[in-house]
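Novice: give me a 3D structure for the following:
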Amino acid sequence: MLIKPLHYTLVQKYHKNLVKGEIIKYAKGRVLDLGCGDKPFYPFIKEQVEEYIAVDHPDTPHSKEHIDFFASAYELPFKDSYFDVVLLTQVIEHLERPVSGLLEIHRVLKEKGVLIISWPFLYPIHEAPRDFFRYTIYGMKYLAEKTGFLIKKLNPVSGFWITYFSFLSIYILRKSKLIYILLLPFLFLFKYICVLLEMIDRNNNSKSAWTWNYYAILEKLGDGK
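Specialist: This is a model prediction of the structure:
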């Protein structure tokens with residue numbers, strides 16, 4: 001397509017910018033970007049960190065030019081308590097053993113170190129066949145407690161209307177790029193109607209029940225907790 005699909009700007013506003021803000025806030029010392037992909041957050045924090053290490057698995061569908069180490073999330077080639085911050089953005093749904101992955105992150109984080117994590121909730125299957133799980137806020141709280149993390153923040157990024165438009169946009173795009181282009185005027189108008197409806201929606205459960213994505217800040221607990 002010659003233009004970006006309309007849901008891309010919503011992904012930027014209602015996910016990437018929010019996560020980027022948290023990463024800029026917490027990034028310091030040694031940072032591990034696990035499942036790094038194209039290292040989208042590195043340019044924003046490279047001047048404020050001591051070391052930034054990008055890790056991904058050898059079969060990643062993304063570009064491999066930015067990867068420093070190829071490794072499994074279950075067996076990282078780093079010593080205990082090495083990192084101040086770990087980034088795990090849009091990755092945990094691809095781990096068939098999420099508890100093992102979080103325990104390994106816990107191992108390489110310093111005490112009181114921070115894990116910044118984001119994951120899809122209401123979102124289509126992607127990067128098949130390595131797309132295994134969707135987590136509610138309760139599921140993430142369970143995983144955090146089981147693996148020795150304290151949740152400092154856990155937020156949904158959107159409510160019903162943004163999620164609904166994103167689903168519609170993705171669905172039509174996957175059906176036919178030609179149909180998507182033909183429907184662009186309608187989709188453009190409907191996008192801004194949904195943004196407006198999102199702003200005036202007073203349903204307190206809208207975001208937690210209908211979000212397309214979550215992000216959270218987790219802190220590694222020490223032995224004394």
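Novice: which residues of the protein fall in strands?
Specialist: Assigned by DSSP state E, the chain shows strands spanning 30-34, 51-56, 69-70, 83-89, 109-120, 149-156, 213-220.
Novice: quick one, helices of the protein?
Specialist: 7-11, 17-26, 42-45, 98-108, 137-147, 160-175, 177-182, 184-200, 206-210 (DSSP state H).
Novice: low-confidence stretches in the chain?
Specialist: 1-2, 204, 223-225 (pLDDT under 70).
Novice: repeat that with 50
Specialist: Applying pLDDT under 50 to the chain flags the ranges 224-225.
Novice: how far away is the residue in it sticking out farthest from the centre from residue 175?
Specialist: Here the chain reaches farthest from its C-alpha mean at residue 182, the gap being 31.3 Å by CA atoms, centre = their mean. Residue 182 sits 12 Å away from residue 175, going by CB to CB, to the nearest Å. Just so you know, the C-beta spots here come from the backbone N, C-alpha and C atoms, and that holds for glycine as well.
Novice: do the same with residue 194
Specialist: For residue 194 relative to residue 175 (CB to CB), the value is 19 Å.
Novice: so between these two, which is more surrounded?
Specialist: residue 194 (22 against 10; other CB atoms under 10 Å).
Novice: surely the more buried one meets residue 159?
Specialist: No - here residue 194 does not reach residue 159: they are 9.8 Å apart, not a contact under CB atoms under 8 Å.
Novice: isn't residue 11 up against residue 166?
Specialist: Yes - counting by CB under 8 Å, residue 11 does reach residue 166; the two are 7.4 Å apart.
Novice: these two: which has the busier surroundings?
Specialist: residue 166 (25 against 18).
Novice: from what I can see the more buried one touches residue 7, true?
Specialist: Yes - with contact defined as CB under 8 Å, residue 166 reaches residue 7; the gap is 4.4 Å.
Novice: could you pull up the residues touching the nearest residue to residue 197 once chain neighbours are set aside?
Specialist: In space, and not counting its chain neighbours, residue 197 is closest to residue 161: 4.3 Å by CB to CB, 6 or more residues apart in numbering. By CB atoms under 8 Å, 6 or more residues apart in numbering, the contact set of residue 161 is 194, 195, 197, 198, 201.
Novice: any chance of those in TSV with distance to residue 66 as columns?
Specialist: As requested, those are exported to TSV (distance: CB to CB, whole Å):
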residue	distance to residue 66
194	34
195	32
197	38
198	33
201	38
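Novice: end-to-end on stretch 60-79?
Specialist: One end of stretch 60-79 sits 24 Å from the other (CA to CA, to the nearest Å).
Novice: and the contacts of that stretch?
Specialist: Counting by CB under 8 Å, 6+ apart, 32, 34-39, 42, 53-58, 91, 95, 97, 100-101, 104-105, 107-108, 127 sit against stretch 60-79.
Novice: tell me the gap between it and the middle of its chain.
Specialist: Computed by CA atoms, centre = their mean, to the nearest Å, the separation of stretch 60-79 from the middle of its chain amounts to 17 Å.
Novice: buried ones in that stretch?
Specialist: For stretch 60-79, burial by neighbour count (16 or more other CB atoms under 10 Å) applies to 60, 67, 71, 73, 76, 78.
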